[in-house]
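S.K.: Here is my input; please provide its structure:
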Amino acid sequence: MITLAVDCMGGDHGPSVTLVACRKFLDSHPDARLLLVGKPDALVTWRAHERASIVPASEVVAMDDSVEVALRRKKDSSMRVAIDQVKQGQAQAAVSAGNTGALMAIARYLLKTLDGIDRPAIASQLPHQQGGATTVLDLGANVDCQPEHLLQFAVMGAALVSALQPQTGEPSVGLLNIGEEAIKGNEVIKRAGELLRAAGQAGTLNFVGNVEGNDIYKGVVDIVVCDGFVGNVALKASEGVAAMIVGGLKKEFKRNIWTKIAAIVAYPVLKALMLRMDHRRYNGAALLGLRGLVFKSHGSADAEGYEHALNRAYDAARNQLLDKVQGRIVAAAPLLAVATTSALPAGTAA
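M.R.: So this is what the prediction gives:
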């Protein structure tokens with residue numbers, strides 16, 4: 001039985017979305033249990049379920065709360081209580097749609113980082129033109145990174161893809177850069193490239209070299225590594241372009257009788273395209289590098305999107321993602337140690 005702790009209060013919509021998603025998730029996962037964390041009076045609409053129980057929390061981390069407020073002043077928040085269920089061994093993973101900065105800070109404070117990992121990273125998928133998705137990290141947890149951090153992200157990303165997509169085999173890794181040539185990029189990127197090539201030569205990673213932004217959507221590699229600033233920009237741009245294309249198609253085909261007829265004829269193709277670009281299918285970002293599994297749902301996710309985040313957390317727990325991340329880190333320990341001792345001086349711009 002896989003048990004997930006759900007922050008039912010987090011996100012833009014709270015229980016009106018999370019509870020609907022939880023019900024659907026339980027209906028499709030007979031081997032799962034849920035701990036529904038939140039204010040009891042806000043969860044009164046929940047109908048009792050034999051595989052779900054309510055864990056009370058008296059506070060809620062707002063989307064605009066600072067990290068300090070979330071971490072030090074709201075010690076009984078639904079977010080913190082949900083993560084604490086993982087720390088106490090009551091759940092194998094926690095899921096929240098709440099404030100990303102607060103979620104990362106609380107998770108790092110309660111669960112701590114794995115040995116060999118300096119900074120946790122946020123990893124999620126972006127759809128590509130071949131019908132699959134590229135895993136990208138970091139997506140916003142670390143704005144300024146050193147070369148050794150990018151190596152750590154690659155190791156953790158490889159574990160994530162290996163666990164959740166075993167059919168991939170040994171996942172390929174690319175370093176996001178302004179060109180494919182090894183001489184391109186700033187000093188941090190060039191040094192990171194050296195570390196990743198060394199990992200590839202040692203057989204620790206399947207590193208294929210530098211990739212450019214458009215390669216994310218071509219699907220040329222399974223994993224793209226970058227700092228959190230660049231990754232978050234790529235994520236938001238991807239969501240914006242997808243929404244623009246889908247919205248534009250819907251508007252265009254309502255224009256007149258001829259476009260409506262064209263829409264009917266092209267409906268199967270359009271439906272497949274919109275499904276592929278639907279960001280809800282890829283909802284659920286993993287916070288990697290912690291001594292426990294935590295997944296972040298998009299704050300504005302609807303019930304379908306939130307259910308996908310629950311699915312991702314369930315798959316990670318069922319496939320023992322945490323053990324696989326630890327195993328990858330142990331295997332890469334000599335390279336990680338060398339990378340850390342040869343790191344650039346503190347303060348070097350990323």
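
S.K.: can you pull up the bridge partners for the residue most central in space within the chain?
M.R.: With distances taken as C-alpha atoms, centre = their mean, Ala285 lies nearest the centre of the chain, 1.6 Å away. Beta-bridge partners recorded for Ala285 (DSSP bridges): Lys296.

S.K.: show me the contacts for it.
M.R.: Ile122, Ala123, Ser124, Leu139, Phe295, Lys296, Ser297 (C-beta atoms under 8 Å, 6 or more residues apart in numbering). For the C-beta atoms, the positions are set from N, CA and C on the backbone; glycine is no exception.

S.K.: neighbouring contacts of the host helix or strand of the first one?
M.R.: In other words, Ile122. Under the criterion of DSSP states H and E, Ile122 resides in strand 121-127. If you take C-beta under 8 Å, 6+ apart as the criterion, strand 121-127 is touched by 100, 104, 133-142, 152-153, 156-157, 160, 216-217, 228, 231, 234-235, 238, 242, 276-277, 281-282, 284-289, 296.

S.K.: Go through that strand and flag the buried ones.
M.R.: Of the residues in strand 121-127, those with enough neighbours to count as buried (16 or more other C-beta atoms under 10 Å) are Ala121, Ile122, Ala123, Ser124, Gln125, Leu126, Pro127.

S.K.: Could you do stretch 208-226 as well?
M.R.: Within stretch 208-226, the residues scored as buried using 16+ other C-beta under 10 Å are 208-212, 215-217, 219-226.

S.K.: what angle do the very next helix or strand once past the strand holding Ile122 and strand 121-127 make?
M.R.: Counting by DSSP H and E, the element after strand 121-127 in chain order, helix or strand, is strand 133-137. Angle, strand 133-137 to strand 121-127, by axes from the mean of the first three to the mean of the last three C-alpha atoms, to 10 degrees: 160 degrees.

S.K.: roughly how far is strand 133-137 from the heart of the chain?
M.R.: Here strand 133-137 is found 9 Å from its chain centre; the criterion is C-alpha atoms, centre = their mean, to the nearest Å.

S.K.: what about Lys112, distance to Leu160?
M.R.: 19 Å (C-beta to C-beta, to the nearest Å).

S.K.: er, Gly203 I mean
M.R.: 19 Å.

S.K.: before we move on, what about Ile106?
M.R.: On the measure of C-beta to C-beta, Ile106 and Leu160 end up 21 Å apart.

S.K.: Next: Lys296.
M.R.: 14 Å.

S.K.: more crowded one of these two?
M.R.: Lys296 (31 against 26; other C-beta atoms under 10 Å).

S.K.: The more buried one touches Asn99, doesn't it?
M.R.: No - in this structure, Lys296 is not within contact of Asn99 by C-beta atoms under 8 Å, at 9.8 Å.

S.K.: List the contacts of Ala141.
M.R.: Contacts of Ala141 by C-beta under 8 Å, 6+ apart are Thr100, Met104, Arg119, Pro120, Ala121, Ile122, Gly228, Leu287.

S.K.: Make sure it is indeed in a strand.
M.R.: No - looking at Ala141 with DSSP: H, G, I helix; E, B strand; the rest coil, it is coil, so not inside a strand.

S.K.: any idea of the pLDDT on it?
M.R.: In this prediction, Ala141 carries a pLDDT score of 88.

S.K.: Spatially nearest residue to it (excluding sequence neighbours)?
M.R.: Nearest non-adjacent residue to Ala141, counting by C-beta to C-beta, 6 or more residues apart in numbering: Ile122, 4.7 Å away.

S.K.: any idea of the pLDDT on that neighbour?
M.R.: Reading off the model, Ile122 has pLDDT 95.

S.K.: now Tyr282
M.R.: We have a pLDDT of 78 for Tyr282.

S.K.: all helices for this structure, in order.
M.R.: 15-28, 67-68, 78-87, 100-111, 147-164, 187-201, 213-218, 228-252, 257-277, 303-318, 321-331, 333-341 (DSSP state H).

S.K.: picking that back up, ok, which pair from the buried residues of strand 121-127 is furthest apart?
M.R.: Using C-beta to C-beta, the pair of the buried residues of strand 121-127 lying farthest apart is Ala121 and Pro127, separated by 20.2 Å.

S.K.: wait, isn't Gln130 in contact with Tyr217?
M.R.: No - using C-beta under 8 Å, Gln130 is not in contact with Tyr217, being 9.5 Å away.
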